[in-house]
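In: Provided below are the primary sequence and the corresponding predicted coordinates.
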Amino acid sequence: MANYRNKGGVAVIELNNPPVNALSFEVRSGLMNALKRAHDDKDVKCIVIHGKGKNFSAGADIKEFGGTKQQKPWITDACRLADESSKPVVAAIAGTALGGGLEVALFCHYRIGTPSCRVGFPEVQIGVLPGAGGTQRLPRLIGVKHSIDMITSGRHVMAEEALKLGILDKIVTDDIIEEGIQFAKSVVGIDVGGRILRNRKVEDAGSKVFDDEISRVKKKYKGYIAPLFCLKAIQASMQLPYDAGMEQELKLFQQLVSSGQAKAQQYTFFAERISARWQLPSGANSQTASPLPVKTAGVIGAGTMGAGIALCLITSGIPTVLVEQDQKFLEKGVKTVEGDLRGSVALKKMTAEQANKAISVLKTSVNLEDLHDVDLVIEAVYENLALKKEIFAKLDKICKSKTILCTNTSSLDIDTIAEATKRRDKVVGTHFFAPAYIMKLQENVYGKDTSAETVATVMALGKRIRKVPVLVGTCDSFVANRMLHPYATEALFLVEEGASPYEVDQALEDFGMPMGMFRVSDLSGLDIGYKVRKEAAKRRGIELTSDTRFVNGERVCLLANVLVEKGRLGIKSGKGWYNYGSPGKREATPDPEVLDTIEEYCRKYDIKKRKISSQEILERMQLAMINEGFKILEEGIVSKPEDIDIIWIYGFGWPKYMGGPMFYANEMKLKNVYRKIRDFHQNYPFSIHWTPSKLLARLSETDLPISKWTSLINSNSKL
Ligand SMILES: CC/C=C\CC(=O)SCCNC(=O)CCNC(=O)[C@H](O)C(C)(C)COP(=O)(O)OP(=O)(O)OC[C@H]1O[C@@H](n2cnc3c(N)ncnc32)[C@H](O)[C@@H]1OP(=O)(O)O
């Protein structure tokens, strides 16, 4: 798995494991043998290492972690001969040199790269640290400060910056292998001693740097252990001689690689890729369908969501027409877009030039007719079925026949909206999450007639605008909000029964959620949920009041309505579940008035309160939602559990180090999950969400790991 050839005295070693040349056992062994051959071959004067295909190497083979193939030779064993060689060794980097890939390059005496190549240590993102000398060698090359930045963030560094930092010695524009050979020949005869990183000293940055970094990292990557381990390893490079530092790095790597966080983060890495491979019930899938080109787009509605979606499109270079029915609202929407762009420039997330470029491709209009020529339209108006149908009927007449029509609904039926058009195959849901410019999830919803080509187009669009697109089928509230419902309902029941909203939020935040349920509700606006609840009930012929305790025999809690009726709408009104001091302020403090309201509510309905533990809070909220997740899988609304996990990670900030709710259930063992859900069902018979999923019941008998659930589901159409 590493090819060797002697080209006129230059040993050319090719890492051969495409597409990313992961450093599997075979590649490591191959590299070690090739370096030995080059070392022994008297004709060889210099050595070039490159990757087969587009990439140098994406590092260690993650699939080997924890398995039987995680065995010697390690990357360090394979590369020792490069380090010790008196013949110059050159890493010729195209594409990516990441993790162990960059470590191989750091064992070489020189590194050259193409203008588009990227280097980095992304290990923190999969819960480990650079375990093949990266934490000891990088500080010797670029210093402690830059090493901390690169290793704790995991960010990819582009060629230009890598050159400035000194990671690359040269950027080359011709064929990378030929350039590597020429470069290697040019340094033959120059003593390599000064190029060997192990011989260099690390400058003493002082221990205060590390104390400060520990505080920064704890805050920025709350709950994650890998960045803290990275700091310890980098500090060792400063405090210990090279060999002792390497030993310390390996020890820390081994502790991390066997941790639950690493397992969960690696699961998440692969889940994201599995989820991207979509399939429709017809069998059409991401391999068979091709997307249509989207050269121009339209967005209808310049409110918070519409403006955010337009921002995603224009910052990805897609010329976009933003349409509002009212000039005043349109101007407000444009101001939102401009303000967000200015904010991104201030935060150094983009340059002023990039912001200007984005705004230059935004057109505005108060006339739907101006969408006649765009390739794709995303409607983002108020959640009202009749209004959406009216807009889609108009768009069908206005837009060219190939235009794809997307709706940003969070709950309405895609098929009913599609029926308003004569192009049902081109109608699809694209559900963005607020704030649309920030949140990564794009829940794409297919209807019964949505074509594979349309699905391929919105999935490709999602990737292009830097979202994580997940495909789901149509059902009430789709996947994200459907699962959120039992989660939020349980939160309210817990409050009725004795937990304060602040205790509920604390338990969730301690678990790793970025915000507790009640803080999220305040952020979204309690009045929004109030209206949605009223309208949904009206559609079912039910009149809700804050006195409603049961609907069709099912327990409900409308405490949030009581708050709305007291003018507590959340952040926008300065108070909701929390007190914010004044409207729009973000700092939340618990409010005794809310606790009094809850007391009064419980007295009125004679609800006995009790002490509720944080364990009960987490179990009830999470298991209610997990049970719903299994029902969603059972109904075929998603085709695999990874889709659900990616939705929760990117839609609601479920911590990657917990791997998503379905992975979490897998780790708890499904027989335990099922038993607890059955117990809750017995204790809370008036909550339909505790009816155990049949799929969960079946799976709990098998003890199959999550990676095998999909095959069981597919082999048992009737569960
Ligand atoms: C002692 C230990 C020493 C060092 C520790 C390490 O090196 S840990 C590994 C550190 N490296 C990474 O975390 C990089 C992970 N890979 C990526 O970020 C991306 O794959 C990459 C390289 C930027 C390419 O992205 P692209 O979008 O072009 O491709 P995609 O992600 O779909 O990957 C293609 C297929 O390759 C698989 N793959 C990628 N990296 C690895 C890896 N390191 N190990 C194993 N497999 C890897 C990926 O899953 C894809 O497979 P597929 O079956 O097609 O889904």
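Out: The structure has been received and is ready for your questions. Residues are numbered from 1 along each chain as shown.
In: ok, the residue nearest to residue 565 when sequence neighbours are not counted - contacts?
Out: Nearest non-adjacent residue to residue 565, counting by Cβ to Cβ, 6 or more residues apart in numbering: residue 546, 6.3 Å away. Placement of C-beta: from N, CA and C, glycine included. Residue 546 makes contacts with 558, 561-562, 565, as judged by Cβ atoms under 8 Å, 6 or more residues apart in numbering.
In: List the buried residues in stretch 102-118.
Out: 102-114, 117-118 (16 or more other Cβ atoms under 10 Å).
In: all helices of the stretch 151-300 of the chain, in order?
Out: For the stretch 151-300 of the chain, applying DSSP state H, counting those that start in this stretch gives helices covering 159-165, 176-186, 207-220, 226-239, 242-257, 260-276.
In: So which of those helices is nearest the ligand?
Out: Counting by Cβ to the nearest ligand atom, the ligand lies closest to helix 260-276 out of the helices of the stretch 151-300 of the chain; the figure is 3.8 Å.
In: Please name every helix or strand in contact with that closest one.
Out: Contacts defined by 3 or more Cβ pairs under 8 Å, 6 or more residues apart in numbering; DSSP states H and E place helix 260-276 against helix 226-239, strand 468-473, helix 641-652, helix 661-668.
In: Quick one: mean pLDDT over the shortest one.
Out: For strand 468-473, the mean pLDDT works out to 98.
In: Briefly note if it comes near the ligand.
Out: No - judged by Cβ under 6 Å from any ligand atom, strand 468-473 stays clear of the ligand, getting no closer than 12.1 Å.
In: and that strand, which strands flank it?
Out: Using DSSP bridges, strand 468-473 pairs in its sheet with strand 441-446 (parallel).
In: How many neighbouring residues does residue 550 have?
Out: Other residues near residue 550 come to 9 when the count uses other Cβ atoms under 10 Å.
In: you'd agree it is up against residue 557?
Out: No - with contacts counted by Cβ atoms under 8 Å, residue 550 stays clear of residue 557, the gap being 10.4 Å.
In: Could I get the buried residue list for stretch 408-418?
Out: 408-414, 417-418.
In: Check what contacts it and list those residues.
Out: 301, 305-306, 309, 378-380, 383, 385, 388-389, 392, 407, 424, 427-432, 445-450, 474, 476-478, 480-481, 532, 536.
In: So which of the residues you listed are in helices?
Out: 305-306, 309, 385, 388-389, 392, 480-481, 532, 536 (DSSP state H).
In: want to throw those into a markdown table with distance to the ligand?
Out: Below are the ones in helices among the contacts of stretch 408-418 laid out as a markdown table (distance: Cβ to the nearest ligand atom, whole Å):
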| residue | distance to the ligand |
| --- | --- |
| 305 | 28 |
| 306 | 30 |
| 309 | 24 |
| 385 | 38 |
| 388 | 35 |
| 389 | 38 |
| 392 | 34 |
| 480 | 24 |
| 481 | 28 |
| 532 | 37 |
| 536 | 39 |
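In: just the buried members of those?
Out: Judged by 16+ other Cβ under 10 Å, buried ones among the ones in helices among the contacts of stretch 408-418: 305-306, 309, 385, 388-389, 392, 480-481.
In: My impression was that residue 402 belongs to a helix - is that right?
Out: No - using DSSP: H, G, I helix; E, B strand; the rest coil, the secondary structure at residue 402 is coil, not a helix.
In: and the residue lying closest to it once chain neighbours are set aside, how far is that from residue 533?
Out: Leaving aside its chain neighbours, residue 402 sits nearest to residue 292 (6.6 Å; criterion: Cβ to Cβ, 6+ apart). Distance of residue 292 to residue 533, given as Cβ to Cβ, to the nearest Å: 38 Å.
In: And residue 34, by the same measure?
Out: In terms of Cβ to Cβ, residue 34 sits 66 Å off from residue 533.
In: So which residue is dead centre in this protein?
Out: Centroid check for the chain by Cα atoms, centre = their mean gives residue 650 as the closest residue, at 4.7 Å.
In: At the contact with the ligand, which residues of the stretch 51-200 of the chain appear?
Out: Residues of the stretch 51-200 of the chain lying near the ligand (Cβ under 6 Å from any ligand atom): 58-63, 74-75, 96, 98-100, 122-123, 126, 128, 130-132.
In: could I get the helices and strands packed on helix 260-276 as JSON lines with distance to residue 527?
Out: Listed next are these as JSON lines, based on distance: least, Cβ to Cβ, whole Å:
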{"stretch": "helix 226-239", "distance to residue 527": "39"}
{"stretch": "strand 468-473", "distance to residue 527": "27"}
{"stretch": "helix 641-652", "distance to residue 527": "21"}
{"stretch": "helix 661-668", "distance to residue 527": "28"}
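In: Could you look over the ones you listed and pick the most buried one?
Out: helix 641-652 (a mean of 26; mean count of other Cβ atoms under 10 Å).
In: what residues does this structure put near the ligand?
Out: So the chain meets the ligand at 19-20, 22, 58-63, 74-75, 96, 98-100, 122-123, 126, 128, 130-132, 253, 270, 273 (Cβ under 6 Å from any ligand atom).
In: List buried residues within these.
Out: Counted by 16+ other Cβ under 10 Å, the residues of the chain next to the ligand give 20, 22, 58-62, 74-75, 96, 98-100, 122-123, 126, 128, 130-132, 253 as buried.
In: who's in contact with the closest residue to the ligand within the stretch 101-250 of the chain?
Out: As assessed by Cβ to the nearest ligand atom, the ligand sits closest to residue 131 within the stretch 101-250 of the chain, at 3.3 Å. The contact partners of residue 131, by Cβ under 8 Å, 6+ apart, come to 60, 100, 123, 249-250, 253-254, 257.
In: try 6 Å this time
Out: residue 253 (Cβ atoms under 6 Å, 6 or more residues apart in numbering).
In: SS state for it?
Out: Applying three-state DSSP: residue 131 is coil.
In: For stretch 146-162, which outside residues touch it?
Out: Taking Cβ under 6 Å, 6+ apart as the rule, stretch 146-162 contacts 113, 115, 117-122, 124-125, 138-139, 165, 168, 171, 213, 217, 227, 230, 234.
In: swap in stretch 252-268?
Out: Stretch 252-268 is contacted by residues 62, 65, 126-129, 131, 225-226, 229, 232-233, 656-659, 663 when judged by Cβ under 6 Å, 6+ apart.
In: got the end-to-end distance for it?
Out: 22 Å (Cα to Cα, to the nearest Å).
In: The residue nearest to residue 402 - how many residues pack around it?
Out: 19.
In: Distance check, it against residue 551.
Out: With Cβ to Cβ as the criterion, residue 292 and residue 551 are 44 Å apart.
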